[in-house]
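Undergrad: here you go, sequence then predicted model.
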Amino acid sequence: MSGLNRTSLYDAHVAAGATMVDFGGWEMPIQYPGGIVSEHLYDRKHCGIFDVSHMGRILVEGEQRVAFLQKVLTGNVAALVPGRAQYCMIPSETGGVVDDAYLYIFEQEHYLLVVNASNREKDLAHFAKYLPEYDCVLKDITFTTASVAVQGPKAESILKVLTGGADITDAKKNSLGCHTMEGHTVYVSKTGYTGDPDGWELFVDAADALWLWNRLVELGANPTGLGARDTLRLEAGLPLYGHEMGTDGAGEEIPVFAVSLARFAVSFHEDKGDFVARTLLLAQKEQGTPGKIYPVALIDRGVMRAGMDVYADDTHVGWITSGTMVPYYHFDEAGEILDTTGKRAIGFAYLKGDIQPGQIISVDVRGKRLKAKIVKRHLIQNQPPYARAESN
Amino acid sequence: MNYPNELKYSKSHEWIRYEGDVAIIGISDFAQDALGDVVFINLPAPGDEVIAGDSFGDVESVKAVSDLISPVSGTVLAVNDELEDSPELLNQDPYAAWIIKVEGVTQEEELLSADDYEAFCAEEG
């Protein structure tokens, strides 16, 4: 695969027997020899680690960095204090999503913005339209740094070995910290893309990536590829650009407020002032959007896939945006995790019209109409240390 | 990768062997490895007709769906129901996990010996 970027951990993935694929212009592990199902389950019960170095990391510097970020992001950047992170979107001028992103303040003097790998260049080109109006500089540090996500019930005990027992971050989601771990500087963030109650994302210099990865493996964490990253985020109900954000099955832009996370990601606070597509987004919030993203559970036997048509009665109402079969652990009546597992076909759909939780819809699975149900969520995430399958 | 000598193989990665006049059909080790974790299988019913070169069902892995292509024409005598609840058997032991048995075989696709199939798979990468 020539012409593709590689992370600092490429050799480690190949040595571990990973199946490498082109993902957003990067040669990345889709799975290791254990396979997606076992990687997913290990993460839910123990600890999965993910090379997320392919994601775009951009430092935002300069006197007017806050004003610039207020303009191009949906969140209220002024409300973010050092030591905290926030989820946000990069709105398009027409009220859709250029990308979704995470904004961090590890250090007072600059922000770190992390964007999707496949959108990094597009995002930078989009930002370049607005930058000249501000005393603000963007530094792309994607290739000089690395990032590893450490997720799951055992993530804390594993990371605490490296911090010498010190707390990794405050317990609250989106808390940040910085540690010297065995002589290496590691920035840590209590964030993740798995839905696990406990999980951190780590940022290091590219030169330290291999040390970090190998130590985490020695301590019992399991390398987890992009395949399981996708099944875990789908189960967690987390949207993915290119599926739940971007354009729909007819090629039309999906509005920002079609995604339920927009309620937390978009601020109309007076401190924020005007920003890209503010008027359109306010109208979306107040009047609703023609379509919305819903979690969907398949009732009939089968598997839903992105792009499949969805019907309510006999009316075409939208498309499946993501779908697969995911494994889950059983729990006993006392709430203890068991060794037995099940699997279920779940997904997201982008649907128009009056759709209610609990409603039965049908999905065209290669010519067969299979019954599915609109659900509230796929995963229970507020009972640490385990994420548990919601019984729908 | 394992290619038992006593089996014949199709270029669509099914294996076939005969017990008397009955053809027993499954998917190869190469196929299950390429699919990744198999999570669902759509099987035909006994009595269904299958046609050489045509789909008789499909297997879903976490990643994608793949058609199962019949290497023979005939009538489905039996299906391996166990796979409906445990499709992962296709990953664990693809040559024990037969999928369908076909009787009244009237036509056979071009089939490869184990050695030729191994060479074919090496080319496909």
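TA: Sure thing, it's come through. Residues are numbered from 1 along each chain as shown, chains lettered A, B, ... in the order given.
Undergrad: element containing A:Arg215?
TA: helix A:209-218 (DSSP states H and E).
Undergrad: list the buried residues for that helix?
TA: A:Ala209, A:Leu212, A:Trp213, A:Arg215, A:Leu216 (16 or more other CB atoms under 10 Å in any protein chain shown). All C-beta spots, glycine's among them, are computed from the backbone N, C-alpha and C.
Undergrad: go on, stretch A:267-276?
TA: A:Ser267, A:Lys272, A:Phe275, A:Val276.
Undergrad: alpha carbons only: can I get it in CSV?
TA: Provided in CSV are the C-alpha atoms of stretch A:267-276 (Å, rounded to 0.1, in the frame of the first residue of the first chain):
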residue,chain,number,x,y,z
SER,A,267,-23.6,26.4,22.4
PHE,A,268,-25.6,29.6,21.6
HIS,A,269,-24.3,31.3,24.8
GLU,A,270,-23.8,35.1,24.4
ASP,A,271,-20.1,34.8,25.2
LYS,A,272,-19.6,32.7,22.1
GLY,A,273,-21.0,35.4,19.7
ASP,A,274,-21.5,34.7,16.1
PHE,A,275,-20.1,31.5,14.5
VAL,A,276,-20.2,29.6,11.3
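Undergrad: contacts for it, please.
TA: A:70-79, A:91-93, A:130, A:278, A:281-282, A:285 (CB atoms under 8 Å, 6 or more residues apart in numbering or on different chains).
Undergrad: next one: stretch B:48-59
TA: Here stretch B:48-59 has contacts from A:366, B:27, B:35, B:38, B:40-44, B:65-76, B:87, B:90, B:99-100, B:102, B:107-109, using CB under 8 Å, 6+ apart.
Undergrad: rewinding a little: just the ones in strands from the contacts of stretch A:267-276, please.
TA: With DSSP state E as the criterion, strands contain A:Pro91 from among the contacts of stretch A:267-276.
Undergrad: got the residues of the stretch 1-150 of chain A near chain B?
TA: A:Ile30, A:Gln31, A:Gly35, A:Ile36, A:Val37, A:Ser38 (CB under 8 Å from any CB of the partner chain).
Undergrad: after the strand or helix carrying the last one, which helix or strand is next?
TA: So that's A:Ser38. In this assignment (DSSP H and E), A:Ser38 forms part of helix A:36-45. Moving toward the C-terminus from helix A:36-45, the next helix or strand (DSSP H and E) is strand A:48-51.
Undergrad: chain center to that next one, what's the gap?
TA: 13 Å (CA atoms, centre = their mean, to the nearest Å).
Undergrad: then stretch A:71-89?
TA: Using CA atoms, centre = their mean, the offset of stretch A:71-89 from its chain centre is 16 Å.
Undergrad: buried stuff in that stretch?
TA: A:71-77, A:80, A:83-89.
Undergrad: how about stretch B:83-96?
TA: By neighbour count, with 16+ other CB under 10 Å as the criterion, the buried positions of stretch B:83-96 are B:Leu83, B:Pro87, B:Glu88, B:Leu89, B:Leu90, B:Asn91, B:Pro94, B:Tyr95.
Undergrad: and which of the buried residues of stretch A:267-276 is nearest chain B?
TA: Comparing these against chain B with CB to the nearest CB places A:Val276 closest, at 35.7 Å.
Undergrad: can you confirm that closest one is in a helix?
TA: No. Under DSSP: H, G, I helix; E, B strand; the rest coil, A:Val276 falls outside any helix and is assigned coil.
Undergrad: how close does whichever residue of chain B sits closest to chain A sit to B:Ser86?
TA: Residue nearest to chain A within chain B: B:Val39 (3.8 Å; CB to the nearest CB). Distance check for B:Val39 against B:Ser86: by CB to CB, to the nearest Å, it reads 11 Å.
Undergrad: now do B:Pro46
TA: With CB to CB as the criterion, B:Pro46 and B:Ser86 are 20 Å apart.
Undergrad: same thing with A:Ala277?
TA: With CB to CB as the criterion, A:Ala277 and B:Ser86 are 50 Å apart.
Undergrad: just the contacts of stretch B:48-59: which are in helices?
TA: B:Leu35, B:Leu90 (DSSP state H).
Undergrad: now list the buried members of the contacts of stretch B:48-59.
TA: B:27, B:35, B:38, B:40-44, B:65-66, B:68-74, B:76, B:87, B:90, B:99-100, B:102, B:108-109.
Undergrad: tell me which of the buried residues of stretch A:71-89 is nearest to chain B?
TA: Once CB to the nearest CB is applied, the member of these that ends up nearest chain B is A:Tyr87, at 26.1 Å.
Undergrad: can I get the CA coordinates of the lengthiest helix in chain B in CSV?
TA: For chain B, the longest helix by residue count, based on DSSP H, is helix B:114-124. Taking Å, rounded to 0.1, in the frame of the first residue of the first chain, the C-alpha atoms of helix B:114-124 are listed here in CSV:
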residue,chain,number,x,y,z
ALA,B,114,-5.9,-29.1,-2.8
ASP,B,115,-2.6,-28.2,-4.4
ASP,B,116,-4.1,-26.2,-7.2
TYR,B,117,-6.4,-24.4,-4.8
GLU,B,118,-3.5,-23.5,-2.5
ALA,B,119,-1.7,-22.0,-5.5
PHE,B,120,-4.9,-20.1,-6.5
CYS,B,121,-5.2,-18.7,-2.9
ALA,B,122,-1.6,-17.6,-2.9
GLU,B,123,-2.3,-15.6,-6.1
GLU,B,124,-5.4,-14.0,-4.6
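Undergrad: what distance separates it from the centre of its chain?
TA: Using CA atoms, centre = their mean, the offset of helix B:114-124 from its chain centre is 16 Å.
Undergrad: flag every buried residue along it.
TA: B:Ala114, B:Tyr117, B:Glu118, B:Cys121.
Undergrad: between which two of those residues is the distance greatest?
TA: Greatest spacing in the buried residues of helix B:114-124, by CB to CB: B:Ala114 and B:Cys121 (10.5 Å).
Undergrad: between those two, which contacts overlap?
TA: Common neighbours of B:Ala114 and B:Cys121 (CB under 8 Å, 6+ apart) are B:Tyr3.
Undergrad: and which of the residues of the stretch 1-150 of chain A next to chain B is nearest B:Tyr9?
TA: A:Gly35 (23.2 Å).
Undergrad: isn't the closest one up against B:Glu88?
TA: No. Using CB atoms under 8 Å, A:Gly35 makes no contact with B:Glu88, being 9.3 Å away.
Undergrad: mutual contacts of these two, please.
TA: B:Asp37.
Undergrad: tell me the angle the helix or strand harbouring A:Ser157 makes with helix A:36-45.
TA: Secondary structure from DSSP H and E places A:Ser157 in helix A:155-162. Interaxial angle of helix A:155-162 relative to helix A:36-45 (axes from the mean of the first three to the mean of the last three CA atoms, to 10 degrees): 80 degrees.
Undergrad: pull out the buried residues from helix A:155-162.
TA: Neighbour counts using 16+ other CB under 10 Å place A:Ala155, A:Glu156, A:Ile158, A:Leu159, A:Leu162 of helix A:155-162 among the buried residues.
Undergrad: ok, so of these, who is nearest chain B?
TA: A:Ala155 (22.9 Å).
Undergrad: what's the distance between that closest one and A:Gly220?
TA: From A:Ala155 to A:Gly220 the distance is 10 Å (CB to CB).
Undergrad: what is in contact with those two at once?
TA: A:Cys47.
Undergrad: got a pLDDT number for A:Ser2?
TA: Per-residue pLDDT puts A:Ser2 at 68.
Undergrad: now tell me what touches the helix holding A:Ser157 from outside.
TA: Residues contacting helix A:155-162 (CB under 8 Å, 6+ apart): A:47, A:150, A:166-168, A:179, A:181-182, A:186, A:188, A:196, A:198-200, A:215-216, A:219-221.
Undergrad: no more questions from me, cheers.
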